[in-house]
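Asker: Below: sequence and its predicted model.
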Amino acid sequence: MLHLEPVTRNCTIWPIDGHVHFHSQASVAPTLDAAAANFRAVGGSSEGWLGGILLTQASGERVFETLLTSPTTSGWSFTPAQDEPETLIARQGMSMLAVVCGRQVRAEDGLEVLALGTREVFPDGLPFDEAVEAVRRSGALTVIPWGFGKWLGERGKRVKKTLDLLGTQGLFVGDNGSRLGLFGQPALVRASEQRGFRVLPGTDPFPFAGGYRKVGSFGFIAELNPAESAPWHGLRAWLMEQTVSPKPYGRASGPFEFVFNQVGIQVYNRLFRKRAG
């Protein structure tokens, strides 16, 4: 059951899910339906801007590109933002969602880098520091996302070394709703925030068992009224101006959900690799 506390509206607010996958074309409409409902629960709006979705497409995913040539899908219509090719405006009746293209780059050691607000494609398999640098050079908003088990041991040391080297300017840390909520923020995420790194939460939905239903339920609040012609540019500028993390909302996974998802993703990945082989 979803538990969200509506945000007190003392300014213009815009809920953002900072880590989203559509996974397939067929999942687009149900994902947007779920996101719209979750954003309404947070922001209280039923018309106009409901929220924003920051896509993090894996190297083989091209759902955003397909949507550019598919003006309607199950009650949703899609229009490119006038002044930014990386954004689609998804409409349903009087409601709108910004769908911003981005990439999830997989480094050679299983660590990931998110490139937000770009349609550029990056190679997988680079050393972690090179993957981070490739995203930074592209001009995309660069996020190092937490992943279960990936920020421990030697890999955790590599993450910390990269954060130490690059500093807080222009580099963000990602939190996600797949972690176990009972334990709170992972230690390195919490320590990074205390050092001045801004944290961007997102759901990072799993590709099975209705994971799409969580989209929009875990994210952050942007305090701005985005222009329809360029919503991502406004959001990016607002994020870069912040000296602390934007206000988060939502709850991470409960114990049963967490265990189910961790087992499920192992089975899913094995089946996927078997089919690919």
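Answerer: Great, that's in hand. Keep in mind that this is a model prediction, so the values were computed, not measured. Numbering: from 1, shown residues only.

Asker: Could you list the low-pLDDT ranges of the stretch 51-200 of the chain?
Answerer: For the stretch 51-200 of the chain, the stretches with pLDDT under 70 are 180-182.

Asker: Tell me where the chain has strands.
Answerer: For the chain, the strands defined by DSSP state E cover 14-20, 48-55, 72-73, 76-80, 87-92, 95-100, 102-106, 112-116, 141-145, 171-176, 198-202, 219-222, 247-249.

Asker: which of those sits most buried?
Answerer: For those, the largest average neighbour count (mean count of other CB atoms under 10 Å) is found in strand 14-20, namely a mean of 28. C-betas here are computed from N, CA, C, even on glycine.

Asker: Now render the strands of the chain as a markdown table, adding distance to A37.
Answerer: Below are the strands of the chain laid out as a markdown table (distance: least, CB to CB, whole Å):
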| stretch | distance to A37 |
| --- | --- |
| strand 14-20 | 12 |
| strand 48-55 | 9 |
| strand 72-73 | 17 |
| strand 76-80 | 13 |
| strand 87-92 | 11 |
| strand 95-100 | 11 |
| strand 102-106 | 23 |
| strand 112-116 | 24 |
| strand 141-145 | 25 |
| strand 171-176 | 20 |
| strand 198-202 | 17 |
| strand 219-222 | 14 |
| strand 247-249 | 14 |
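
Asker: For G48, see how far away V135 is.
Answerer: Using CB to CB, to the nearest Å, V135 is found at 32 Å from G48.

Asker: May I ask you to confirm that R91 is in contact with T73?
Answerer: No: between R91 and T73 there is no contact under CB atoms under 8 Å: 11.2 Å.

Asker: Quickly list what G202 is bridged to.
Answerer: Beta-bridge pairing for G202 (DSSP bridges): N176.

Asker: ok, now how distant is Q185 from E257?
Answerer: Separation of Q185 from E257 (CB to CB): 18 Å.

Asker: next one: A131
Answerer: Counting by CB to CB - A131 and E257 are separated by 30 Å.

Asker: higher neighbour count, these two?
Answerer: The neighbour comparison of A131 against E257 (other CB atoms under 10 Å) goes to A131, with 26 against 18.

Asker: That one touches A115, doesn't it?
Answerer: No: contact criterion CB under 8 Å: A131 and A115 do not qualify, at 9.5 Å.

Asker: okay, and the common contacts of those two?
Answerer: In the contact map built from CB atoms under 8 Å, 6 or more residues apart in numbering, the residues linked to both A131 and A115 are V105, F122.

Asker: wait, what's in contact with P123?
Answerer: The contact partners of P123, taken as CB under 8 Å, 6+ apart, are S59, V105, A134.

Asker: residue contacts, the second one?
Answerer: Meaning V105. By CB under 8 Å, 6+ apart, the residues touching V105 are S59, E112, V113, L114, A115, F122, P123, D124, L126, A131, A134, V135.

Asker: In a markdown table, list these along with distance to W232.
Answerer: Below are those laid out as a markdown table (distance: CB to CB, whole Å):
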| residue | distance to W232 |
| --- | --- |
| S59 | 21 |
| E112 | 21 |
| V113 | 18 |
| L114 | 14 |
| A115 | 13 |
| F122 | 18 |
| P123 | 24 |
| D124 | 24 |
| L126 | 25 |
| A131 | 22 |
| A134 | 20 |
| V135 | 16 |
